[in-house]
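In: curious how this folds, go ahead:
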Amino acid sequence: MLKTLFSKIVVIFIAILLVSTSITGVMLYIFLGNFASEEKVNLLSDTADSINSMLNDYLTAYYNNYNNPMFAFWDEIYRSMLDNTLERESQSTGSIIWIVSTEGEIGIIKGNQAVVKGIVQKLTDDTGKVRLQNPAQYKDVMSGSVPLVKEMGDFYGLFKDTNVSWLTIEKPFMYNEKILGAVYLHTPVPEVQRARSSVFQFFIFAVAVSIVISIILVYIFSLKLSRPLKKINSAAKKIASGNFDERLDISSEDEIGEFARSFNNMAGELQNLENMRRGFIANVSHELRTPMTSIHGFIEGILDGTIPPEKEKDYLLVVRDEIRRLNRLTTDLLDLAKMESGEISINPVNFNINELIRRCIIKLENFITQKDIDVEANFEEEDMFVKADMDSIERVLINLMHNAVKFVQPCGKINVSTSRYKNKILVSVEDNGIGIDENEIDLIWERFYKSDKSRSREKGGTGLGLAIVRNIINDHKQEIWVESEVGKGTKFYFTLDKGSNENI
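Out: Have a look, this model is predicted:
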């Protein structure tokens, strides 16, 4: 079912909307119920006060005009006015109104005729008077202990036949500070809850409309959201099939736009990696094919007699050199692969970097003297101790110094120095050789890259030396960089952690 982004968003959104509106609806329903009940109680209470006031006016007029010859006339008018007012109040409040004496006798009863008729039948006694049979129905209000009595239910079984709950308000009627009776107002609870139901029905309708509108908005939003995701999915499939040129054209500034930019960066890195892989295979093939072709040709020439016996030794020496070169190439490849896979771990120890430099110069003495190169060692201090893997750093120094020897002209100059640099030891190897073009500086660390391609074979390099050097320095979590200018020379720098001369 929930397989598409749209369906998931719609279900989640509607679920959140339903939960939130349900909680709001329950709280609103309770609030409206209480509010409607309180409002109805206040209305009935005000109506009871109005009736009490009218009764007071009637009694005052009655006693003041009792001896008046026109008393009967005015009494009839006041009674008619009282009767009309009670009828009007009953209709406006939707209630049944009683005027009850202190003994429970109902003197006046106004309201729904069907209900009133049933009440009169139930409450008429043997004397023909309509009287409350249960003292609990009037004793509290007649006692004057409370100004208002409120009851909910069937009023002690009186309204049981109506099958609805009733709200009853009882207020004592006082004249000259004496309780003469009470005013009763009865209204069915469904009438009280009618306002709540009306508001709640409108609330339900509003929720239904909001859900429909929300689905439409979610649909529009999901289209806007899913469209770039579909583009990303399509681009990912193309890249997976080998088309690394695929890029996304999504320029939004939100998370999807950021994801698209990251995706493009990833695609670029994959493309670079693929180019490197292809270049690596091509370079390895070239580097292996050339010496193997030479070896095969020379051996075939010796075996079939093409090469005269007196020349065989010379060609065998060439074969030996090519085999040595192949051996260096395979060794460097294996070492580089182990470094990049983390199989080779460094073992940091304290040692004198100056002394190691001296030993490296001695190891390269034959190459140095063959080209009559002047080598200078400039040390800021006589002894400078570092903490690093001695064998790895010796390989770095040999590679950098051997490169300097290869690319410096005969009678050239090489300068190796050490100094303190930002709480570290800085080592530099400088030559006044052919230099490196500015456009090639960032490429020299790549495998098989050779800046002097026309003479690479002659110099006997494998093109892996600087890649190995950078991996070693990176494994030490140090920095390495180069400064060079064509025709003036090259200077390599790398840093090492300071060490101590303890346990040396």
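
In: give me the mean pLDDT for the helix or strand hosting I211.
Out: I211 is part of helix 189-240, with elements assigned from DSSP states H and E. Summarised as a single mean, pLDDT over helix 189-240 is 76.

In: likewise stretch 262-272?
Out: Stretch 262-272 shows a mean pLDDT of 82.

In: show me the contact partners of it.
Out: Here stretch 262-272 makes contact (C-beta atoms under 8 Å, 6 or more residues apart in numbering) with 232, 235-236, 239, 244-248. The C-beta positions use only the backbone N, C-alpha and C, and glycine is treated the same way.

In: could I get those as CSV with distance to V284?
Out: As requested, the contacts of stretch 262-272 are arranged in CSV below (distance: C-beta to C-beta, whole Å):
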residue, distance to V284
I232, 35
A235, 31
A236, 30
I239, 25
F244, 21
D245, 25
E246, 28
R247, 30
L248, 34
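
In: and the angle from the longest helix seen in the chain to helix 189-240?
Out: Scanning the chain for the longest helix, with DSSP state H as the assignment, gives helix 5-64. For helix 5-64 against helix 189-240, the angle by axes from the mean of the first three to the mean of the last three C-alpha atoms, to 10 degrees is 160 degrees.

In: next secondary structure after helix 5-64?
Out: helix 71-93.

In: hey, C-alpha coordinates of that following helix in PDB?
Out: The C-alpha trace of helix 71-93 is given here as PDB (Å, rounded to 0.1, in the frame of the first residue of the first chain):
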ATOM      1  CA  PHE A  71     -59.300  45.900  43.400                       C
ATOM      2  CA  ALA A  72     -60.900  43.100  41.500                       C
ATOM      3  CA  PHE A  73     -60.400  44.900  38.300                       C
ATOM      4  CA  TRP A  74     -56.700  45.700  38.900                       C
ATOM      5  CA  ASP A  75     -56.200  42.200  40.300                       C
ATOM      6  CA  GLU A  76     -57.500  40.700  37.100                       C
ATOM      7  CA  ILE A  77     -55.200  42.900  35.100                       C
ATOM      8  CA  TYR A  78     -52.100  42.000  37.200                       C
ATOM      9  CA  ARG A  79     -52.900  38.300  37.100                       C
ATOM     10  CA  SER A  80     -53.300  38.500  33.300                       C
ATOM     11  CA  MET A  81     -50.000  40.300  33.000                       C
ATOM     12  CA  LEU A  82     -48.300  37.800  35.200                       C
ATOM     13  CA  ASP A  83     -49.700  34.900  33.300                       C
ATOM     14  CA  ASN A  84     -48.600  36.400  29.900                       C
ATOM     15  CA  THR A  85     -45.200  37.100  31.200                       C
ATOM     16  CA  LEU A  86     -44.700  33.600  32.500                       C
ATOM     17  CA  GLU A  87     -45.900  32.200  29.200                       C
ATOM     18  CA  ARG A  88     -43.500  34.400  27.300                       C
ATOM     19  CA  GLU A  89     -40.500  33.500  29.600                       C
ATOM     20  CA  SER A  90     -41.300  29.800  29.300                       C
ATOM     21  CA  GLN A  91     -41.300  30.000  25.500                       C
ATOM     22  CA  SER A  92     -38.100  32.200  25.300                       C
ATOM     23  CA  THR A  93     -36.100  29.900  27.600                       C
END
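
In: buried residues in it?
Out: Neighbour counts over helix 71-93 (16 or more other C-beta atoms under 10 Å) mark 75, 78, 82, 85-86, 89-90, 93 as buried.

In: what sits up against whatever helix or strand comes next after that helix?
Out: Next in sequence after helix 71-93, counting helices and strands by DSSP H and E, comes strand 96-101. Residues from elsewhere that reach strand 96-101 (C-beta under 8 Å, 6+ apart): 51, 55, 86, 89-90, 106-112, 115-116, 119, 132, 138, 173, 180-187.

In: quick one on the thing from earlier: if any of the contacts of stretch 262-272 are buried, give me the ChimeraX selection for them.
Out: Of the contacts of stretch 262-272, the buried ones can be selected in ChimeraX as follows, counting by 16+ other C-beta under 10 Å:
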select :232,235,239,244,246,248
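
In: which of the helices and strands in the chain ranks last by mean pLDDT?
Out: Least confident helix or strand of the chain, by mean pLDDT, DSSP states H and E, is helix 456-459 with a mean of 46.

In: so which elements touch the helix or strand following it?
Out: Using DSSP H and E, the helix or strand that follows helix 456-459 towards the C-terminus is helix 465-475. Applying 3 or more C-beta pairs under 8 Å, 6 or more residues apart in numbering; DSSP states H and E, one finds that helix 465-475 contacts helix 309-341, helix 390-407, strand 480-485.
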